[in-house]
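Trainee: here is the input, now give the coordinates:
(3 chains)
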Amino acid sequence: MGIVRQKLRNIYGILHEYFGEQQWWPAEDKDEIVIGAVLTQNTAWINVESAIKNLKKYDICSFKGILNTKISVLKEQIKPAGFFNQKAQYLKNISEFFIENGEFERLSKYDLYNLRDKLLHVSGVGYETADSILLYAFDMPIFVVDAYTKRVLNRHNITDSTNYNRLQHIFMDNCADDAYLFAQYHALIVETAKNFCKVRPLCDDCPLKGI
DNA sequence: CACCAGGAATGTA
DNA sequence: TACATTCATGGT
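Mentor: Below is the predicted model of the structure:
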C-alpha cells in the first residue's frame, strides 16, 4: 500500500463523510451535460444555470437546438456564462461533432481513450471538458482534474506537478477503476473548494485541515 | 475597488 | 515542455 494511495483514500473518506453522496452532474439529459461542460469553463456554476435556463426557455438546450439557432441569438442567451463569443462557437462545434458522429448511441461504442482523442480535436474541448463529458455523460471511468484538484495534491505534498495528465494518472493509478468513484471524488473536491477553499486551501475550518 | 469562478486557444521561448 | 495573454459575466 503506497503512501499516495493511502492519502487519496484518506481524503476521499473525509470528504465523503463530511459532504455525503454527491448528485452530479446536475442536468436533465446528456445533451445538457455536454452543453454545461462547455459553458462552465472558468465560470461560476450559478451563471451556467442562468445560461441553461435561457436555452431551455427557447427549447434549444440540445445539440439540434443549438445547430438550428443563429449564433447571434445563441450568444445573447448564454451571455450570463461569460466568454459568450467563443463559447457560442464552441457549442456549435461540439453539437456538430455529436450530430455528425451519431450522438451518444454511436459514440459510446468507442473505447475510452479513442473517444477522448476525438473529443479533444473539437475546438473548445480541452482536457477537463473532455473528461467531464466522458465521465458524466458517457459514464466512462476517467478522473476529472481541475484547479482545485491541483491545489489539494500540492498542499498535501502528494505531488508538485501541474501537468494535467500526470495529475490524472496519480488518481487513476491509485484508485479503483470505477466511474462512480471518480464522479464522486471530483464532485467532492469541487464541493470542498466551493465551501471552504476559495482563496486559501486548507483554511482552519476546511475538513481536510490537518491531514 | 479587486478578485474569483466546475478552462481553452493561441503565441512565445 | 512551460508560461503568458486573451476571452467576459456576475457574485463577494
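
Trainee: the helix or strand containing A:D117 close to DNA strand C?
Mentor: Assigned by DSSP states H and E, A:D117 belongs to helix A:112-120. No: against DNA strand C, helix A:112-120 shows no contacts by CB under 7 Å from any atom of the strand, the least distance being 13.6 Å. Backbone N, C-alpha and C define where each C-beta goes, glycine included.

Trainee: pLDDT weak spots in chain A?
Mentor: A:197-204, A:210-211 (pLDDT under 70).

Trainee: one step back: show me what the helix holding A:D117 is packed against.
Mentor: helix A:127-136 (3 or more CB pairs under 8 Å, 6 or more residues apart in numbering; DSSP states H and E).

Trainee: now the most centrally placed residue in chain A: how far from DNA strand B?
Mentor: Residue closest to the average C-alpha location in chain A (CA atoms, centre = their mean): A:S132, at 3.6 Å. Distance of A:S132 to DNA strand B, computed by CB to the nearest atom of the strand, to the nearest Å: 6 Å.

Trainee: which non-adjacent residue is nearest that residue?
Mentor: Spatial nearest neighbour of A:S132, excluding adjacent residues (CB to CB, 6 or more residues apart in numbering): A:A37 at 4.5 Å.

Trainee: so what's the one you found up against?
Mentor: Counting by CB atoms under 8 Å, 6 or more residues apart in numbering, A:A37 makes contact with A:W25, A:T129, A:S132, A:I133, A:Y136, A:A137.

Trainee: can you classify it by secondary structure?
Mentor: Following DSSP: H, G, I helix; E, B strand; the rest coil, the label given to A:A37 is helix.

Trainee: tell me the spacing between it and A:H121.
Mentor: In this view, A:A37 and A:H121 are 16 Å apart by CB to CB, to the nearest Å.

Trainee: A:D177 now?
Mentor: According to CB to CB, A:D177 and A:H121 sit 25 Å apart.

Trainee: SS state for the nearest residue to A:F84 once chain neighbours are set aside?
Mentor: Spatial nearest neighbour of A:F84, excluding adjacent residues (CB to CB, 6+ apart): A:K75 at 4.8 Å. Under three-state DSSP, A:K75 falls in the helix class.

Trainee: residues in contact with A:K75?
Mentor: Neighbouring residues of A:K75 by CB under 8 Å, 6+ apart: A:F84, A:N85, A:A88.

Trainee: now do the contacts for the last one.
Mentor: The reference is to A:A88. Counting by CB under 8 Å, 6+ apart, A:A88 touches A:I71, A:L74, A:K75, A:I78.

Trainee: do the same with A:N85
Mentor: A:N85 touches A:K75, counting by CB under 8 Å, 6+ apart.

Trainee: A:S50 now?
Mentor: Counted by CB under 8 Å, 6+ apart, A:S50 has contacts A:P80, A:A81.

Trainee: how much space between it and A:K79?
Mentor: Distance from A:S50 to A:K79, by CB to CB: 9 Å.

Trainee: likewise A:Y185?
Mentor: Distance of A:Y185 to A:K79, given as CB to CB: 32 Å.

Trainee: more neighbours: which of these two?
Mentor: Using other CB atoms under 10 Å, the more surrounded residue of A:Y185 and A:K79 is A:Y185, with 22 against 17.
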